[in-house]
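[1] Just a sequence and a predicted model for now, questions to come.
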Amino acid sequence: MEEGKEKEEEGSVGLPMRYYHIGVARLKMVGSINGYNGEASHKVEAGSNTVKAQTIDELHSMQKKRSAPNTPTTKKADPTFSNLSEDQREQQQLQSISASLASLTRESGPKVVRGDPSNASKKSGYNVFPPTIHVSDSSLKFTHVLYNLSPPELYEQAIKYEKGSFITSTGALATLSGAKTGRAPRDKRVVKDDITKDELWWGKGSPNIEMDEHSFLVNRERAVDYLNSLDKVFVNDQFLNWDSENRIKVRIVSARAYHSLFMHNMCIRPTPEELENFGTPDFTIYNAGMFPCNRYTTYMTSSTSVNLNLKRKEMVILGTQYAGEMKKGLFTLMHYLMPKRQILTLHSGCNMGKNGDVALFFGLSGTGKTTLSTDHNRFLIGDDEHCWSDKGVSNIEGGCYAKCIDLSGDKEPDIWNAIKFGTENTRASYPIEYITNAKIPCVGPHPKNVILLACDAFGVLPPVSKLTLAQTMYHFISGYTALVAGTEEGVKEPRATFSACFGAAFIMLHPTKYAAMLAEKMQKHGATGWLVNTGWSGGSYGSGSRIKLSYTRKIIDAIHSGSLLEETYTKTNIFGLAIPTKLEGVPTEILDPVNTWKDKTMYKETLLKLAGLFKNNFETFTNYKIGTNDDLTKEILAAGPNF
């Protein structure tokens, strides 16, 4: 099952378990570990140098050499930290972690010990932070913290302690996500309080399902108690956003090495100096996904619950081990925080040409977003999550998360070379520098082109259309693509799917707010909007044929080069889309869909059917006002289909 399909989005149970292939930053590892007390035969490949560890001590020595961080230090060290001794800095770090794990009812953090509990007999080198109050059960035991472990160390933890984990022949760690093989949006809750009740988008069409503060604290207590009961927990301190002036410090507390390695790959990895001066995080995730929530807790509808509290700056995960909940939970957070700074968050791919021209790619599953945005002739800024500020674009993440279904070296050579492995029902997480043409640091100038991708299985949208700003907002809010027979059980004919802002599950504000920000930035920086159909031509799915990938690539190349702007345009009926009369390398007859349909009456009926689906979907967004003014909504509506 691919993420994005209905069953998986609901976090189906009973599906085949998904294996995750989690790449190692910088070092690719092959071989095996034959038990902690036995000999280790482990080969570490870094470039052309090969190092062999013959004993476990040698292996541990290599593990201490962490993968090189990829974020430049742009700020001066905080003098509060720089004047501290190493021991004092360590104690402050442990105190911060203890505070993160504090029980709210007992007002006490646990005794925090840094290191693996299997080494507890070796007292030397272990730092302990005692709890503030010595009256709770949590003070009767130590909580061992495995802090920002290197990938080799996390590999060892997973192989030794997590059943179903192994190293593939290409060096990736393969592991199981448990019963849930996708996100569970129906179990996601956001605390509705005095602030968020007015700021966030609630009600029909919104992904924000409310919960109250009390229910959140019940779940938080359950998660913290579970994590404190374990022999060890994994703690990651990392960053979001490559724009150093607007980056967010996040702390992830989890029970599995798999989750720690996943977030090591997906977030931005601090330099040693940044880690020493990390201080208090801006946001904390408590991943107790191996433990269920209490179904009798108010607002709970299953044993799974993913909770976001913006006032407390915390996220709690119970009852699901699917790692993508953390990734998308943080993306949801950024959709709230960044617009407050007039920074637009985008669920898009982003690449840059050699001349500095940046393009954004929006598209739902199956539209070709990954294939078209990962271009070996251009630099990859990021594959999924971005910010657009007054300075330009920046990737939110430090890694990529790719579907491996039907992955091939021919279709996606860069992704194939980054992970070199793929089977059904899997995803792979890997640091972005595994893409050979990745732009590090992952920032770029203002976008020149905004490309909205749709796989139109009805076969009535043109292969490419140049959009006005109002049309860009309309189609951005609509977020259209179509499902075809075979993609989901019960789908017999094309079915329209709409996802606001091409990422409805993650947005926090009304879609029109994001669309207005997009149009404002496009106008200010001279970006052009495009609608590209990667779906069918000459008829609907089953009668027509899919537009050749080679034609779509010619279209994208012409957008990048700017040559498509120089062409002559005509307008289509109903949708009023501007289409070029010719385009080098693409047959002229397919540029206007009506030319490719033999049955013109059927074409018109199908066109009207799709237009009606767009209109019905947009009724959810027609009540939005800026203050008491609804002029913007009227302008956007006027840019939709007219019939």
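    Looks like it came in fine. Only a predicted model underlies this, so the values are computations on that prediction, with no experimental measurement involved.

[2] what about the longest helix in the protein?
    helix 600-618 (DSSP state H).

[3] Tell me which other helices or strands that one touches.
    helix 469-478, strand 495-498 (3 or more CB pairs under 8 Å, 6 or more residues apart in numbering; DSSP states H and E). No exception for glycine: its C-beta is placed from N, CA and C like everyone else's.

[4] Please identify the deepest-packed of the ones you listed.
    Comparing those by mean neighbour count (mean count of other CB atoms under 10 Å), helix 469-478 ranks first with a mean of 24.

[5] So for it, mean pLDDT?
    For helix 469-478, mean pLDDT rounds to 97.

[6] and what of stretch 326-333?
    Mean predicted confidence for stretch 326-333 is 96.

[7] Give me the distance from it to the chain's centre.
    7 Å (CA atoms, centre = their mean, to the nearest Å).

[8] ok, now stretch 628-643?
    That offset, for stretch 628-643, works out to 31 Å (CA atoms, centre = their mean).

[9] For it, C-alpha coordinates in CSV please.
    In CSV, the C-alpha atoms belonging to stretch 628-643 read as follows (Å, rounded to 0.1, in the frame of the first residue of the first chain):
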residue,chain,number,x,y,z
THR,A,628,-15.6,41.1,6.9
ASN,A,629,-14.4,41.1,3.2
ASP,A,630,-15.0,38.1,1.0
ASP,A,631,-13.6,39.7,-2.2
LEU,A,632,-10.6,37.4,-2.3
THR,A,633,-12.9,34.3,-2.2
LYS,A,634,-15.0,35.7,-5.0
GLU,A,635,-12.0,36.4,-7.1
ILE,A,636,-10.7,32.8,-6.6
LEU,A,637,-14.2,31.3,-7.4
ALA,A,638,-14.4,33.3,-10.6
ALA,A,639,-11.1,31.6,-11.7
GLY,A,640,-12.7,28.2,-11.5
PRO,A,641,-14.8,26.4,-14.2
ASN,A,642,-17.5,28.5,-15.7
PHE,A,643,-20.6,26.7,-17.0
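
[10] what's next to that stretch, contact-wise?
    With CB atoms under 8 Å, 6 or more residues apart in numbering as the test, stretch 628-643 has contacts from 468, 470-471, 473-474, 477-478, 512, 515-516, 574-576, 608, 611, 614-615, 618, 621-626.

[11] got the buried residues for stretch 219-233?
    219-220, 222-230, 232-233 (16 or more other CB atoms under 10 Å).

[12] and that stretch, average pLDDT?
    For stretch 219-233, the mean per-residue pLDDT is 93.

[13] what's the neighbour count on Gln91?
    15 (other CB atoms under 10 Å).

[14] what about it, which SS state?
    helix (DSSP: H, G, I helix; E, B strand; the rest coil).

[15] What of Ala558?
    helix.

[16] burial count for it?
    Neighbours of Ala558 (other CB under 10 Å): 20.

[17] got it, and Asp631?
    Asp631 - counted by other CB under 10 Å - has 9 other residues nearby.

[18] ok, now how distant is it from Ala470?
    Per CB to CB, to the nearest Å, Asp631 is found 11 Å from Ala470.

[19] need the contact list for Phe502.
    Contacts of Phe502 (CB under 8 Å, 6+ apart): His347, Ser348, Phe362, Gly363, Leu364, Leu452, Phe476, Gly479.

[20] one more time with 10 Å
    Residues near Phe502 by CB atoms under 10 Å, 6 or more residues apart in numbering: 346-348, 361-364, 367, 369, 452-454, 475-481.

[21] From Ile209, how far out is it?
    21 Å.

[22] In terms of helix, strand or coil, where does Ser543 fall?
    Applying three-state DSSP: Ser543 is coil.

[23] ok, now which ones touch it?
    Per CB under 10 Å, 6+ apart, neighbours of Ser543: Gly459, Trp536, Trp597, Lys598, Asp599, Met602.

[24] what's the answer for Tyr161, then?
    Tyr161 touches Ser118, Asp231, Lys232, Arg256, Ala257, counting by CB under 10 Å, 6+ apart.

[25] With Ala257 instead?
    Here Ala257 is in contact with 22, 146, 149, 151, 153-162, 165, 173, 175, 232, 234, 264 (criterion: CB under 10 Å, 6+ apart).

[26] switch the cut-off to 6 Å
    Leu154, Gln157, Ala158 (CB atoms under 6 Å, 6 or more residues apart in numbering).

[27] Low-confidence stretches in the stretch 301-450 of the chain?
    Low-confidence segments of the stretch 301-450 of the chain (pLDDT under 70): 420-425.

[28] now the strands for it?
    Counting by DSSP state E, counting those that start in this stretch, the stretch 301-450 of the chain has strands at residues 305-309, 314-318, 344-347, 349-352, 358-362, 379-382, 385-389, 392-395, 399-403, 426-431, 443-444, 447-454.

[29] which regions of the chain lie under the pLDDT threshold?
    1-83, 106-108, 120-141, 420-425, 485-492, 627.
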